[in-house]
Structures are given as structure tokens and as C-alpha cells.
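Q: The sequence and its predicted three-dimensional model are supplied below.
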Amino acid sequence: MTAFNPWEMACQQLDTVARKINLDKNIHQKLRHCKRSLIVSVPIQMDDGAVQVFEGYRVQHNLERGPAKGGIRYHPDVTLDEVKALAMWMTWKCAVVGIPYGGAKGGVVCDPRQMSLTELEKLTRRFTSEISIIIGPEKDIPAPDVNTNPQVMSWIMDTYSMNVGYSAPGVVTGKPIEIGGSEGRLTATGKGAMIVINEALQHLKLRPDQCTVAIQGFGNVGSATAQFLHEIGCRIVGVTDVAGGVFNPKGLDIPALIRHTKDSERHTLAGFDGGDHVNNPAKANEEVLKLNVDILAPCALENQITKANAHGIRAKIIAEGANGPTTPEADEILFRKGVFMLPDILANAGGVTVSYFEWVQDIQAHFWQLEDINKELTRIMVKGFRDVLDIAQREQCDMRMAAYILAVSRVATAVKLRGIYP
Ligand code: NAD
């Protein structure tokens, strides 16, 4: 069996839509390449005095529609190909919801769970310095992703500001509110997911208070998705994280579970007493994906729903909080089974949408109320859903293909208008 390669998957998805829309072959060729890929080494003096050198990446896929935007991931399995794929998906995501950005992503190969806070700060500051030649409020604006958070964003903002000699809050989004962050950003990806799930429920004539939900991954995206679905009346019956899973057919007490993960030493579900635990992560994940629920939200990593397990999925709706959780082979199986797919580039676009609001607020030095943020977020997500659904109905295709048709067409138009330099 060949190893999963996210970049090959991303290119395969682009090739499929290119055939479908008869994309100009020159534009197709251009979009199949990332504009810039920067590889940096990040030497850090660890707490024990020894120097350890980490590898980091910042990739900009396309800048045709605006500055580059995309998160930074800290994970032992990060690869350049993964970061390239995530950057390409960011290009499509910004285009689907009509946000004036291109796509980028960053990552450092490290295991933050094994590092102290001091080591993480040093890693972040040195990585920021190394990539500062290509980031900036008008060039490329990072944000949080797996294992990075508002504290990490604060260090990025501070390091960049120290290097340029003035405070530059617009260089990064997902910052704490006290230093130029936005109301609503922390939970924006989950809120956006809930908004499009709610639209899908209305479309399929299902009521939230009669729906059950399973969620894989309980970090920023998974926990906020759970929180907002819980608030509209859904019953969350199973969630997993890197340590295992917790299941309760009567419904988990989500506010209590969120409090538990925040308080527990390692920020995991382990030890929560409101459900049955499966402590083997692989087994817990297998179980959560197969649960007999209305909505399944994969909110962890790529390559979770594959041709090996897609047949066993029983959910009516899949909402991809994570980027790239479903392989193209699994997509086909799910489409034939009649599963309603809310693809990553639509379902998790709430994060980049409120990041865009944060950047606009930073540039204008004028901050919005939470109700204004939520109103604009809802407007953009609902429009994104309806635009994609219209295409899916017109073209008789699944929602992922429809989202790609919309996104790639918008980016292709921008490429055509700007022309190939020189
Ligand atoms: P996070 O670090 O806050 O949380 C990740 C969660 O996944 C944790 O609960 C972790 O325990 C769990 N996890 C890791 N490996 C797992 C495994 N093998 N099985 C089950 N659970 C596992 O990260 P996040 O920001 O919530 O990001 C999750 C996904 O959402 C990623 O694909 C990311 O690219 C995507 N995403 C994030 C944002 C954002 O604003 N943070 C926006 C859009 C998309």
C-alpha cells in the first residue's frame, strides 16, 4: 500500500474539477504549483542546554486574489507536502467564501506535547524570524492550526513587531483580544461549521433537536463545533481525541466536557465521568466514525475517512471541520451512499472568515462588537452554502465538486485577468 500523500490528493482534486469545468490548461498548470515554498531550520537551545534543530515550512500557494493566508501547525508528522496541500486548500477556501486572500500554510516538525512553554516560545520566535522574509500584513498572514493557539500568535506578533521596529498586529490573526485580536475568532471555525450544518439540516428537512452527532478531534475546532451544535439542540453522542474517546447515547454534557478538557493537565477527554471511555485512540476513532448518527464531524487531521472505512459510515451528513479528512476514493463511496458532504473548504471556512475580520480591524484600528462579527460571519457562511448548493443542484454533483467548481473558477478568473507576468 502506498503511503498517503496530501499534496497528491490535493492535485488529484484539482485535476478532477479541471476536467469537469474544462479549465484552460495553462491556468491549470499554474494552479498545480505553489508560488513559494520556504524551508527553514530552527535551532533552539532546549531547557537541558542542548541545541536541537527543528525543520519548519511556510508555503504560499497562490496570491492572485490577495495576500496569502493560512495557519501554522506544530506536529511531529508535518511534511512539506502536507503544508503544500494545506496551502492549496486555503486558496480554494478563501475563494469559496469570497474572502480576498490567497492560500498559504506553515508548519514545524515538532512534538509540542514534549516541550516546555519556554521551548515553545523560543521555537515560535525563531521560526517567525526565519519566515519573516515572506510574511507581513500585506504579504502573508499566519493564524492558528493544530497545536498552535492565541499565545503562539502573540509571540509571532511580538517577534515580527520587534524585527520591524513597531507594533504590527495585522501580521497574524487568532491573537488574544488584548493585543488586537477579534471578538469571536477563538470559536469562529466551530461557529461557521454549525451555521452550514444548520443550513444542510434545513435543506434535508431535519430538525437539530432530533439529530445526533459524532465528533472526531476535540481541540479548537471540534470543541467549538460541539458547543454550537449542542446550543441548537443536537445530541452529541461520541467524541474522540488523541488520547481516546468518550461515548454516551443519551448525549454528552458538552459544556462540562469543554471545562474538563481545559482543566485537565494534558487537555484531553481522559477522565471525564459523563460517558463510557475507549482508551485506545485507534479503536476510539474507528468507533466514532462508524456511529449511527445524523451528523459526523471529523475535526482532527487528514486521511481519516478512506476507502477502507467509508462503507461503514452511517451518518447522513459529514461536516469536515478538519482539512482533508476524506480521500477522493472515500468521497465517491460516500456520494454513492447518498451522504450529504459539507467539504472542508466550505465547512471550516468560518475560521479564515473571522481572521479576515480581525485583519481588517487591525488595519483600520477600529474594533467591532461580537454581534457584528456573528452577523457578518452568518451572512458569509450562509451565502457560501447556498452558492455551493446551487452549483451542486445544477451540475448534479456532490457538494465538494460544487465547492471546487466555484473556488477554482474564481481563482482562474483572477489568474486570467492578471495575466502571466512578464
Ligand atoms: P487543535 O490542536 O486545537 O486540536 C486537534 C484535536 O485533534 C485535538 O483534540 C487532538 O487531540 C485531536 N487529534 C489529534 N490527532 C488525532 C487522532 N489521530 N485522532 C483523533 N483525534 C486526534 O487543532 P484545531 O485547530 O482544532 O485543528 C483541527 C483541524 O481543523 C485541522 O485539520 C486544522 O487544519 C483544521 N482547521 C483549523 C482551523 C482553526 O481555526 N484552528 C480552521 C480551519 C480548519
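A: In hand now; what should we look at?
Q: per-domain residue ranges of the chain.
A: Domain assignment for the chain by automatic domain parsing gives 34-167, 188-342.
Q: Straight-line length of the shortest one, end to end?
A: In terms of C-alpha to C-alpha, to the nearest Å, the two terminal residues of domain 34-167 are separated by 30 Å.
Q: How about the last one?
A: End-to-end distance of domain 188-342 (C-alpha to C-alpha): 17 Å.
Q: residues near the residue in the stretch 151-300 of the chain that the ligand sits nearest to, how many?
A: Across the stretch 151-300 of the chain, no residue is closer to the ligand than residue 219, which sits at 1.7 Å (C-beta to the nearest ligand atom). Every residue, glycine included, has its C-beta placed from N, CA and C. A count of neighbours around residue 219, defined by other C-beta atoms under 10 Å, yields 20.
Q: Quick one: name whatever helix or strand follows the biggest helix by length in the chain.
A: Criterion DSSP state H: the longest helix present in the chain is helix 370-395. Counting by DSSP states H and E, the next helix or strand C-terminal to helix 370-395 is helix 399-418.
Q: Can I get that next one in PDB, CA atoms only?
A: C-alpha atoms of helix 399-418 as PDB (Å, rounded to 0.1, in the frame of the first residue of the first chain):
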ATOM      1  CA  MET A 399     -21.100  19.500  -2.600                       C
ATOM      2  CA  ARG A 400     -17.300  19.000  -2.700                       C
ATOM      3  CA  MET A 401     -17.200  19.100  -6.500                       C
ATOM      4  CA  ALA A 402     -19.600  22.100  -6.400                       C
ATOM      5  CA  ALA A 403     -17.400  24.000  -4.000                       C
ATOM      6  CA  TYR A 404     -14.300  23.300  -6.100                       C
ATOM      7  CA  ILE A 405     -16.100  24.400  -9.300                       C
ATOM      8  CA  LEU A 406     -16.900  27.700  -7.500                       C
ATOM      9  CA  ALA A 407     -13.500  28.200  -6.000                       C
ATOM     10  CA  VAL A 408     -11.300  27.100  -8.900                       C
ATOM     11  CA  SER A 409     -13.400  29.200 -11.400                       C
ATOM     12  CA  ARG A 410     -13.000  32.300  -9.200                       C
ATOM     13  CA  VAL A 411      -9.200  31.800  -8.900                       C
ATOM     14  CA  ALA A 412      -8.900  31.000 -12.600                       C
ATOM     15  CA  THR A 413     -10.700  34.300 -13.400                       C
ATOM     16  CA  ALA A 414      -8.300  36.200 -11.300                       C
ATOM     17  CA  VAL A 415      -5.300  34.500 -13.000                       C
ATOM     18  CA  LYS A 416      -6.700  35.300 -16.400                       C
ATOM     19  CA  LEU A 417      -7.400  38.900 -15.500                       C
ATOM     20  CA  ARG A 418      -3.900  39.500 -14.100                       C
END
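Q: contacting residues around that helix?
A: Outside helix 399-418, the residues that touch it by C-beta atoms under 8 Å, 6 or more residues apart in numbering are 13-14, 16-18, 20-21, 23-24, 27, 30-31, 62, 64-65, 91-93, 95-96, 98, 331, 340-343, 345-346, 387-392, 395, 397.
Q: can you give me the mean pLDDT across that helix?
A: For helix 399-418, the mean pLDDT works out to 98.
Q: Stretch 130-149 too?
A: The model assigns stretch 130-149 a mean pLDDT of 98.
Q: The chain against the ligand: which residues are in contact?
A: Listed as neighbours of the ligand in the chain under the rule C-beta under 6 Å from any ligand atom: 144-147, 189, 216-222, 240-242, 281, 285, 299-301, 321-323, 348, 351.
Q: Extract the CA atoms of the strand ranked longest in the chain and return them as CSV.
A: As assigned by DSSP state E, the longest strand anywhere in the chain is strand 51-62. C-alpha atoms of strand 51-62 as CSV (Å, rounded to 0.1, in the frame of the first residue of the first chain):
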residue,chain,number,x,y,z
VAL,A,51,20.7,22.7,20.9
GLN,A,52,18.0,20.9,18.9
VAL,A,53,17.3,21.9,15.3
PHE,A,54,13.7,21.7,14.0
GLU,A,55,12.6,21.9,10.4
GLY,A,56,9.8,24.4,9.5
TYR,A,57,8.0,25.4,6.4
ARG,A,58,6.0,28.3,5.0
VAL,A,59,4.3,27.8,1.7
GLN,A,60,2.3,30.3,-0.4
HIS,A,61,0.2,28.5,-3.0
ASN,A,62,-1.5,31.4,-4.8
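Q: Measure how far it is from the centre of its chain, please.
A: Relative to its chain's centre, strand 51-62 lies at 18 Å (C-alpha atoms, centre = their mean, to the nearest Å).
Q: Tell me which helix or strand comes right after that strand.
A: strand 68-75.
Q: what distance separates whichever helix or strand comes after that following strand from the centre of its chain?
A: The helix or strand immediately downstream of strand 68-75 is helix 80-96, counting by DSSP H and E. Computed by C-alpha atoms, centre = their mean, the chain-centroid distance of helix 80-96 equals 10 Å.
Q: the inter-axis angle of helix 80-96 versus helix 399-418?
A: 80 degrees (axes from the mean of the first three to the mean of the last three C-alpha atoms, to 10 degrees).
Q: Would you mind checking the average pLDDT for helix 80-96?
A: 98.
Q: Which other helices and strands does the following helix or strand past that helix contact?
A: Sequence-wise, the next helix or strand downstream of helix 80-96 (DSSP H and E) is strand 102-109. On a contact count with 3 or more C-beta pairs under 8 Å, 6 or more residues apart in numbering; DSSP states H and E, strand 102-109 meets strand 51-62, strand 68-75, helix 80-96, helix 117-131, strand 140-144.
Q: In the helix or strand hosting residue 255, which residues are buried?
A: Residue 255 belongs to helix 254-263 when assigned by DSSP H and E. Buried residues in helix 254-263, counting neighbours by 16 or more other C-beta atoms under 10 Å, are found at 254, 257, 258, 260, 261.
Q: Great, nothing more from me.
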